[in-house]
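[1] I would like to see how this sequence folds:
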Amino acid sequence: MRVDLFDFDLPPERIALRPASPRDAARMLVVAGDTLRDAVVRDLPGLLRAGDCLVFNDTRVIPAQLEGRRGEARIGVTLHKRLGPRDWQVFVRNAKRVRQGDIIAFAADVEAQAGARDEDGGMTLSFLGDEPVELLLERAGQMPLPPYIASKRATDEKDREDYQTMFARESGAVAAPTAALHFTPALMDALASAGIEHETLTLHVGAGTFLPVKAEDTDDHRMHAEWGRIDGATADRLNAVRADGGRIIAVGTTSLRLLESAAGEDGIIRPFADETRIFITPGYRFRAVDGLMTNFHLPRSTLFMLVSALMGTERMQAAYAHAIRDGYRFYSYGDSSLLLP
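    Alright, predicted model coming up:
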C-alpha cells in the first residue's frame with residue numbers, strides 16, 4: 001500500500017506545545033460511523049455505554065534524553081529499549097563521532113560506553129559504575145519530549161509532570177502513552193458512576209514510535225519492537241466484558257497494539273509477556289478492540305495508518321481535515337479523538 005495515501009498538510013501552528021489545563025478540558029472529535037461530533041474529553045461518560053471498558057497503558061516515562069560529550073564532540077542520546085540491568089539500545093545524535101568502545105560523559109558524572117550498532121539504526125550503550133541506572137537517569141536525564149515539540153522549545157521541569165499519565169506505575173517507557181494524558185481522578189469517578197469499567201496493561205513505548213516511515217510502500221517498512229505484558233487475570237476480565245456485551249475501548253494506540261498482539265484469531269485475549277512488532281494498516285481485521293481513544297497523529301505515520309485501518313482511510317482523512325479547519329491541537333500534548341467503527 002502506498003505510504004502517500006496517508007499524507008496530509010498540517011499547519012505548524014496546529015502542533016500543541018503544552019497540554020490543556022485541566023487535562024480533561026481538551027477537545028475531542030468523536031468519529032462514529034460516518035458522523036463527526038465536536039466534544040470535550042470530560043463528555044466521555046455520556047459517549048460510552050455502561051458495561052464498556054477503557055483499557056489504559058500504565059507504563060511510566062523515564063528521563064531518557066541525555067546530552068553528553070565524547071571528547072570535544074557533543075553527543076545526544078535517546079534511550080530506546082532496555083537490554084539488561086545497565087545496557088540500553090539507544091538512538092544517537094551526531095553518531096558519526098562515536099565508535100564502539102568510546103566513553104560518553106554526561107552531566108552529573110554519569111558515563112556510558114558505546115557498543116555495537118544495531119539493525120534498527122541505533123547502537124547499544126552500557127552505563128558505567130555501580131549505581132542503579134534509574135538513579136543515574138534521574139540525575140542526568142531529561143523527559144524525552146517528541147522531536148516535534150523539542151525542536152520548538154526546551155524541555156523544562158513542568159514536563160516531568162505534564163508528560164506522565166495518572167496511571168503511570170511501571171517504569172520503562174521513553175515516550176508517553178499520550179491518549180491517557182487527558183484523564184483526571186474526577187473524570188475517572190464520573191466514568192465509574194456511569195458504569196464504565198477500566199483495566200490497565202503495560203507496553204513500554206520506545207523511541208521508535210517517532211521514527212519516520214521512509215519506505216514508499218507499507219510492505220517495505222520495518223516496524224520497531226516494544227515490550228508489553230497482559231497478565232492472566234486482566235485478560236480474563238477483558239474477555240468477560242465482551243462476553244457480557246460490553247465494548248473494549250483502547251485508550252491510545254499503545255494499548256490497542258498490545259491487545260491485538262495478545263488476541264487470537266478467535267478474538268480471545270490471552271496472557272502476553274513479550275516484544276511486539278505488530279504493524280496495523282488498512283485491511284487488518286481487528287480482533288480485540290471495539291473502539292479507540294487517541295490523539296491526532298503525524299502525516300505518513302504508522303499511527304495514522306492504524307487509525308485508518310480502524311475507521312477507513314477516506315473517513316480519517318475527512319476527520320483530520322475537519323480537525324485542522326476547526327483548530328484542534330495535534331500530537332502528544334494536543335486534543336483527542338474517540339473512534340467508534
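
[2] Going by C-alpha atoms from here, please, whenever you check contacts or count neighbours.
    Noted.

[3] what residues are up against the closest residue to D4 other than its chain neighbours?
    Nearest residue to D4, sequence neighbours excluded (Cα to Cα, 6 or more residues apart in numbering): R300, at 6.6 Å. With contact set as Cα atoms under 8 Å, 6 or more residues apart in numbering, R300 has these partners: V3, D4, L5, F6, D7, F8, P212, V213.

[4] switch to 7 Å and redo it
    V3, D4, F6, D7, V213 (Cα atoms under 7 Å, 6 or more residues apart in numbering).

[5] quick check, nearest of the residues you listed to V241?
    Of all these, V241 sits closest to F6, with 33.2 Å by Cα to Cα.

[6] Skipping its backbone neighbours, what lies nearest the closest one in space?
    Sequence neighbours aside, R300 is the residue nearest to F6 in space, at 4.9 Å (criterion: Cα to Cα, 6+ apart).

[7] Give me the distance between K81 and A64.
    Noted for K81: a distance of 10 Å to A64, by Cα to Cα, to the nearest Å.

[8] What segments of the stretch 1-150 of the chain are helices?
    Ranges of helices within the stretch 1-150 of the chain are 44-47, 133-140, 147-150, based on DSSP state H, counting those that start in this stretch.

[9] Which among the ones you listed is found nearest to E119?
    helix 147-150 (21.6 Å).

[10] how about that closest one: buried residues?
    Residues of helix 147-150 classed as buried: Y148, I149 (neighbour count, 16 or more other Cα atoms under 10 Å).

[11] what residues does it touch?
    Outside helix 147-150, the residues touching it (Cα under 7 Å, 6+ apart) are L17.

[12] Could you list the alpha-carbon positions for that helix in PDB?
    Taking Å, rounded to 0.1, in the frame of the first residue of the first chain, the C-alpha atoms of helix 147-150 are listed here in PDB:
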ATOM      1  CA  PRO A 147      11.100  15.800  18.400                       C
ATOM      2  CA  TYR A 148       8.200  18.000  17.000                       C
ATOM      3  CA  ILE A 149       7.900  19.600  20.400                       C
ATOM      4  CA  ALA A 150      11.500  19.600  21.500                       C
END
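
[13] From start to finish, how long is stretch 189-209 in a straight line?
    Criterion Cα to Cα; first-to-last residue distance in stretch 189-209 is 31 Å.

[14] Could you list the buried residues of that stretch?
    Applying 16+ other Cα under 10 Å to stretch 189-209 flags 190-191, 194, 196-209 as buried.

[15] cool, and stretch 320-335?
    In stretch 320-335, the ones that count as buried by 16+ other Cα under 10 Å are Y320, A323, I324, Y328, R329, F330, Y331, S332, Y333, G334, D335.
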